[in-house]
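Novice: Provide a 3D model corresponding to the input given below.
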Amino acid sequence: MSQNIKIYLTFLLAFILGISVDYLFYGKPIGISFFVFISILIVFSLFLAKKFGQVLKRDQSFLLIPIILLSTGVFLRSSSFLVFFNIIGTVYLVFLFLDLFSSENLLKFYFSEYFILPFSFLKKSFQEASSLIEEFWNLIQAKRRFGSPELQSVVKGIIISLPILTIFIWLFASADIVFQKYLDELLKISIEPEIVSRVLIVLVSSYFFVGFFAKIFEDQKPETSPLKNNEPKFLGSIESSVILSLVSLLFLVFILIQLFYLFGGKTYVWGIEEYITYSEYARKGFGELIGVSIISFLLIYGIDKFGKKGNIFQKRTFKILTSILVLELFVIMTSSATRLSLYIDGYGFTFPRLLSFILLFWLFFTFLLFLYKIFSERKETLFLHSIFCLTILFLIGLNIFNPDAFIAKKNIERYLQKKQLDIRYFNELSDDAIPEIVKIFETIEDEQIKSEIACYLIKRKENLIKSIETQDWQSFNLSKKRGLEILQKYSKEIEKYKTTYRRLLRGQYSDIDEFFYGA
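Specialist: Predicted coordinates:
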């Protein structure tokens, strides 16, 4: 069998496995489907091994026994503990089984290799997949079945762009009801999130299975194997330009809608079926837009890493298109921040909402660093070091900033501005927020709120006393100690309002005393 046929066969089997992942597992509890999938994967691996001239090692034959037994146990047992470890054990042994096609026998494995193997196998598989895809595309180009090399590059760029554009269109449609309306009018179809999810599952799974098979056979024929490529550069300059241009065009359309509706401040916005208020429109979609920003960074970084930029013109084109895309992303990130601000204004701060703001700031500085890398043509390692330092600074800043105390403070300030206060959420905050929470007794006049807060604080005080009294010195925590001191300082207020609130609710709930932990 020729090497070209082997490559086509590898892609076909990987795609079948990708479809199997969706068919067997999507939206279904794991049962016998796990055993079926593992069986298909093993059969396909053995089939390809035979085609590539590989012989099953003794260690691999031995591993097949526990793989079959553990995968069978997934549908024979119902204990969540057993099912979990059966799945983990099977997956680990399958990685070990596949890795042994290109590795020495188990007797030569060091202790650390048993732990590193699953992660190294996944990493190498991801890298090898790009090499094999490049080889696959070269085989298609070698046929010379259509057009000039430039036209082939344009077609290749458009094909690569389609799933990327699909993801962005879905996120934009989920984030913005006006964008979704125009999209429905244009396509006369509704993009179902389930369809997008299932297509992505098939594509991503297929990509990794291509990498699995490439990793298995990469070391067997280092000089002639079509699965080996020392420096994979999957994207040419034309393909990169096509992808960046199409994504930039999509972003421009979305930005124009934002300029007219979101930033324009229209009183009413036309939705799919009826008018919705500007506030309702603006509060939706900030999570999706943050997702767009993250995916865009990965896209640009991937094109910069794997794209070919051979001459000055190609480098300049990449810099211009990247700059345009990053500027558009800044507008989209501003839209996300605006929506998030309005959402917080309506419902208050929570840790995920505050974290979304922080993530937007991190992305903003990351994009600035990336632009600097591109224009200064710095090494990738220096850029990654800068991102590492930026991330460390943000983590240190978060500790200094004290998010939970900030959330409590801002939510109390919102209440003083005649806005809603979620009392129950205070109980989800850590002890860092105690110094701000107790200020309710001084700043808020509503006796009902004070009583309800006291109920949560009395339980927290009891937990802190128990924790501090039983802990060793190695477990000392300054925040807990400080929180307990503050709660003891406010003991009279807490006990007073706890009694008041319990008396109010006793008539409504017969078991209320159990909630307050005794008389």
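
Novice: Look at residue 346 and say how many residues are nearby.
Specialist: 14 (other Cβ atoms under 10 Å). Using the backbone N, CA and C atoms, a C-beta is placed for each residue, glycine as well.

Novice: Name the next helix or strand downstream of the helix or strand harbouring it, please.
Specialist: Using DSSP states H and E, residue 346 falls within helix 312-347. Tracing the chain past helix 312-347, the next element assigned as helix or strand by DSSP H and E is helix 351-376.

Novice: Quick one: mean pLDDT over that following helix.
Specialist: On average, the pLDDT along helix 351-376 is 90.

Novice: what's the angle from it to helix 312-347?
Specialist: Counting by axes from the mean of the first three to the mean of the last three Cα atoms, to 10 degrees, helix 351-376 lies at 160 degrees to helix 312-347.

Novice: who does whichever helix or strand comes after helix 351-376 touch, helix- and strand-wise?
Specialist: As assigned by DSSP H and E, the chain's next helix or strand after helix 351-376 is helix 380-401. Where contact means 3 or more Cβ pairs under 8 Å, 6 or more residues apart in numbering; DSSP states H and E, helix 380-401 is packed against helix 351-376.

Novice: Which residues are in contact with residue 48?
Specialist: 6, 9, 10, 13, 213, 216, 217 (Cβ atoms under 8 Å, 6 or more residues apart in numbering).

Novice: Just give me the closest of those to residue 246.
Specialist: residue 10 (29.0 Å; Cβ to Cβ).

Novice: Which residues lie in contact with that closest one in this structure?
Specialist: For residue 10, the contact set (Cβ under 8 Å, 6+ apart) comprises 48, 132, 210, 213, 214.

Novice: can you redo those as JSON lines with pLDDT?
Specialist: Putting those into JSON lines (pLDDT from 0 to 100) gives the following:
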{"residue": "48", "pLDDT": "85"}
{"residue": "132", "pLDDT": "72"}
{"residue": "210", "pLDDT": "82"}
{"residue": "213", "pLDDT": "80"}
{"residue": "214", "pLDDT": "77"}
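
Novice: Tell me the most packed of these, by neighbour count.
Specialist: residue 213 (30 neighbours).

Novice: Give me the distance between that residue and residue 206.
Specialist: 11 Å (Cβ to Cβ, to the nearest Å).

Novice: so what sits against both of those two?
Specialist: Going by Cβ under 8 Å, 6+ apart, residues that sit against residue 213 and also against residue 206 are residue 14.

Novice: re the thing from before, return the subset of the contacts of residue 48 lying in helices.
Specialist: 6, 9, 10, 13, 213, 216, 217 (DSSP state H).

Novice: which of the residues in the helix holding residue 346 are buried?
Specialist: 314, 317-318, 321-322, 324-326, 328-329, 331-340, 342-344 (16 or more other Cβ atoms under 10 Å).

Novice: can you check stretch 401-408 too?
Specialist: Counting neighbours by 16+ other Cβ under 10 Å, the buried set in stretch 401-408 is 402, 403, 404, 405, 406, 407, 408.

Novice: now stretch 18-32
Specialist: Here stretch 18-32 shows 18, 20, 21, 22, 24 as buried, counting by 16+ other Cβ under 10 Å.

Novice: Follow the chain on from the helix or strand harbouring residue 70 and name the next helix or strand.
Specialist: Following DSSP H and E, one finds residue 70 within helix 58-76. The helix or strand immediately downstream of helix 58-76 is helix 80-99, counting by DSSP H and E.

Novice: In contact with residue 360, which residues?
Specialist: 290, 293, 333, 336, 337, 340.

Novice: Okay, and the residue nearest to the spatial centre of the chain sits in which element?
Specialist: Of all residues in the chain, the one closest to the mean position by Cα atoms, centre = their mean is residue 291, 8.1 Å from it. Per DSSP H and E: residue 291 is located in helix 286-306.

Novice: tell me how far that helix is from the chain's mean position?
Specialist: 11 Å (Cα atoms, centre = their mean, to the nearest Å).

Novice: which strands and helices sit next to it?
Specialist: Using 3+ Cβ pairs under 8 Å, 6+ apart, helix 286-306 sits against helix 149-175, helix 237-257, helix 312-347, helix 351-376.

Novice: between the ones in helices among the contacts of residue 48, which is closest to residue 100?
Specialist: residue 216 (9.1 Å).

Novice: how close does that closest one get to residue 68?
Specialist: For residue 216, the distance to residue 68 - Cβ to Cβ - is 20 Å.

Novice: Would you confirm that residue 202 contacts residue 20?
Specialist: No: contact criterion Cβ atoms under 8 Å: residue 202 and residue 20 do not qualify, at 9.3 Å.

Novice: So what's the gap between the helix holding residue 70 and the chain middle?
Specialist: The answer for helix 58-76 is 32 Å, by Cα atoms, centre = their mean.
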